[in-house]
Structure formats: C-alpha cells, structure tokens
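> The sequence and its predicted three-dimensional model are supplied below.
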Amino acid sequence: MRTQNYFRYLAMPCIGLMLGLLSVMALPAGASAMDLHDAKASGMVGEKPDGYLGAVQGGAAVAGLVADINGKRRAHYQAIAAKNGTTLQAVEVLAGRTALEKTAPGQFIMTPSGQWVRK
C-alpha cells in the first residue's frame, strides 16, 4: 500500500515531467530546427546547465536564434512546472541536465563554472 502511494504521488508526476522535458528538445520545428542543428554543429551555440541555449560565438543571427529557442523553452518549462505543481527553476535544472547528457560529442556545453567546453 505504501509503495503504491509513493508511486502514485511522487513517481508518476516525475515520469510526466521527464516526458515533457524530452519533448522540449523537439520544440524548434521546420527551418529553426535546421538552423539550431547547424548552429550547434558549427560551434556557434551550446547547451547550458540551466536548460537554455547560449551563444558560444556569432553575431546577431545567432543571438536571435538563441533568444527565439530560449523563449520557446521557457514557455514550455513554465507549462511543465504548472502541470506538475513544481517550480520553473526545478524544471530548468532537470531540463539542463537532460540537454547536457543528450548533447552530441564535439558540440559545446557550458560547465557549472561558466566555461564553454566541447563535449
């Protein structure tokens, strides 16, 4: 009985949260997805521990792409937080961890100390 309650009240919302976070990686669609892929592959943008993209190098186009993707991610994270009764910060941390793990070798990630490194 105790295990069932634990699963129902703690594990199930976590499963929903994880599924929502995985779906955020597919948020950029169409031309933006290709632009994001190219920007990551060329080392212009990287994933940060807070769940958002950061500009490693580049000009206004890269900054615009980062702002666009981060705005979509933030809106999605807020929806996940509201649905699961948790904070935006908790969702951002979990999304950041997931994004860093899913980043392909050779692409940039930001360390907790703020340094860009190739994974």
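Cool, the structure landed.

> for stretch 38-47, what is the average pLDDT?
For stretch 38-47, the mean per-residue pLDDT is 96.

> low-confidence ranges in the chain?
Where the chain drops to pLDDT under 70, the residues are 1-34.

> all strands for it, in order.
In the chain, the strands defined using DSSP state E lie at 45-47, 53-55, 108-110, 116-118.

> May I see those strands arranged in CSV, with distance to Ala99 and mean neighbour count as well?
Quick note: C-beta positions are derived from backbone N, CA and C, even for glycine. As requested, those are exported to CSV (distance: least, Cβ to Cβ, whole Å; neighbours: other Cβ atoms under 10 Å):
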stretch, distance to Ala99, mean neighbour count
strand 45-47, 4, 25
strand 53-55, 9, 20
strand 108-110, 8, 20
strand 116-118, 14, 12
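
> Pipe the ones you listed into a markdown table and attach distance to Leu100 per row.
Below are the strands of the chain laid out as a markdown table (distance: least, Cβ to Cβ, whole Å):
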| stretch | distance to Leu100 |
| --- | --- |
| strand 45-47 | 6 |
| strand 53-55 | 12 |
| strand 108-110 | 5 |
| strand 116-118 | 11 |
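
> Pull out the buried residues from the biggest helix by length in the chain.
With secondary structure taken from DSSP state H, the chain has its longest helix at helix 60-84. Within helix 60-84, the residues scored as buried using 16 or more other Cβ atoms under 10 Å are Val62, Leu65, Val66, Ile69, Asn70, Arg73, His76, Tyr77, Ile80, Ala81, Asn84.

> Right, I'll leave it there.
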